[in-house]
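Q: build me a model from this:
(chains A, B, C and D)
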Number of protein chains: 2
Amino acid sequence: MAKVPGISESEWKVMKVLWARSPLPSNEIIEALADKEDWHPNTVKTLLARLHKKKAVGVQKEKNHYLYSPLVSQADCVQTESESFLMRVFGGSVKPLLMHFVDKQKLSSADLEELKSILKKKK
Amino acid sequence: MAKVPGISESEWKVMKVLWARSPLPSNEIIEALADKEDWHPNTVKTLLARLHKKKAVGVQKEKNHYLYSPLVSQADCVQTESESFLMRVFGGSVKPLLMHFVDKQKLSSADLEELKSILKKKK
DNA sequence: ATTTTAAAACTACCGCTGTAGTTATGAGCA
DNA sequence: TGCTCATAACTACAGCGGTAGTTTTAAAAT
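A: Predicted coordinates:
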């Protein structure tokens, strides 16, 4: 899997917008984020610039404005983040991690069923 | 559950030592970390000072030297970190998270069995 | 063609992080 | 009692992250 650059908390929020739909001009990205975050438009621009610099997003010049798209896949980023979280917090052991989340977070019984069937297939 | 201060990556490594055994004098902490990390002793001291400042570890003056102990529990820190990870990377949905880890990380079949039985009890 | 305006680009600033050098302090030893 | 040595305390500094102000550019409108 592709090596992805480090992506900060705020940058993730920008990436999520682009993973959901792209390419997008900055104003639409800003708008999409306005819902969730209370950010100055320039803040989003800065984040886009940083993401561009580290090659996490690409820009295409479209006559007067730019269009942004992800250059790294969400799956790769999720993988990278998960790995790092697993190491840092659970010392690399998946089982305690799973037990933690099964235990501490509320799962519907439908979720439980689904999980069980996945585990069954997995075996 | 107690609100814990933000604990950085390197600080976590120090906390792990103290969660495993405490109270400890700085030299033993430094020694314990020497195995895993290639840090200058002063680096560890700085980390301890920062953790002390943010009240994540306490110090007791023991004649000439200090003894350090955690003031926040590992469980609370794990909980806080997990929550933040869940939000950031999986948008708050536990099921995709679980599926990711079941899928992407290698689990022994013993692990799978154990998980299944936990799920069974959980239901 | 000049003015207005939106977006892009550049600059800024503070607090946190990783990493460590430097200085002060106090206790044991000579 | 003065010297030495470990340890604690203070200082440093560059890079990142969150946040946004200022300047430039180029297109649209008059």
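Q: counting contacts, what elements does the helix or strand of chain A with the lowest mean pLDDT pack onto?
A: When the helices and strands of chain A are scored by mean pLDDT, DSSP states H and E, helix A:109-122 comes last with a mean of 78. Applying 3 or more CB pairs under 8 Å, 6 or more residues apart in numbering or on different chains; DSSP states H and E, we find helix A:109-122 packed against helix B:94-104, helix B:109-122. The C-beta positions use only the backbone N, C-alpha and C, and glycine is treated the same way.
Q: now it, how far from the centre of its chain.
A: 25 Å (CA atoms, centre = their mean, to the nearest Å).
Q: so it versus helix A:94-104, what angle?
A: 160 degrees (axes from the mean of the first three to the mean of the last three CA atoms, to 10 degrees).
Q: going along the chain, name the strands of chain A.
A: Secondary structure of chain A (DSSP state E): strands located at A:57-62, A:65-70.
Q: now the longest helix anywhere in chain A: buried residues?
A: Counting residues, the longest helix found in chain A (DSSP state H) is helix A:74-90. Neighbour counts over helix A:74-90 (16 or more other CB atoms under 10 Å in any protein chain shown) mark A:Gln74, A:Cys77, A:Val78, A:Gln79, A:Thr80, A:Glu81, A:Ser82, A:Phe85, A:Leu86, A:Arg88, A:Val89, A:Phe90 as buried.
Q: ok, now stretch A:46-58?
A: Buried-residue list, stretch A:46-58, by 16+ other CB under 10 Å: A:Leu47, A:Leu48, A:Arg50, A:Leu51, A:Ala56, A:Val57, A:Gly58.
Q: likewise for stretch A:113-123?
A: Neighbour-count burial for stretch A:113-123 [16+ other CB under 10 Å]: A:Leu115, A:Lys116, A:Leu119.
Q: show me what it is in contact with.
A: Stretch A:113-123 has contacts (CB atoms under 8 Å, 6 or more residues apart in numbering or on different chains) with A:102, A:107, B:95, B:98-99, B:102-103, B:107, B:109, B:112, B:115-116, B:119-120.
Q: and which of those is nearest A:Thr43?
A: Nearest to A:Thr43, judged by CB to CB, of the contacts of stretch A:113-123 is B:Lys95 at 32.0 Å.
Q: and the gap between the closest residue to the closest one other than its chain neighbours and A:Ser69?
A: Nearest non-adjacent residue to B:Lys95, counting by CB to CB, 6 or more residues apart in numbering or on different chains: A:Asp111, 4.9 Å away. Separation of A:Asp111 from A:Ser69 (CB to CB, to the nearest Å): 33 Å.
Q: of the contacts of stretch A:113-123, buried ones?
A: Among the contacts of stretch A:113-123, those classed as buried by 16+ other CB under 10 Å are A:Val102, A:Leu107, B:Lys95, B:Leu98, B:Met99, B:Val102, B:Leu107, B:Leu112, B:Leu115, B:Lys116, B:Leu119.
Q: out of the residues you listed, who's nearest DNA strand C?
A: B:Leu98 (27.3 Å; CB to the nearest atom of the strand).
Q: give me the local confidence score for the closest one.
A: For B:Leu98, the pLDDT comes out at 90.
Q: which one's more surrounded, A:Asp111 and A:Ser69?
A: It is A:Asp111, of A:Asp111 and A:Ser69, that has more neighbours when counted by other CB atoms under 10 Å in any protein chain shown, with 17 against 14.
Q: wait, that one sits on B:Val94?
A: Yes: with contact defined as CB atoms under 8 Å, A:Asp111 reaches B:Val94; the gap is 7.3 Å.
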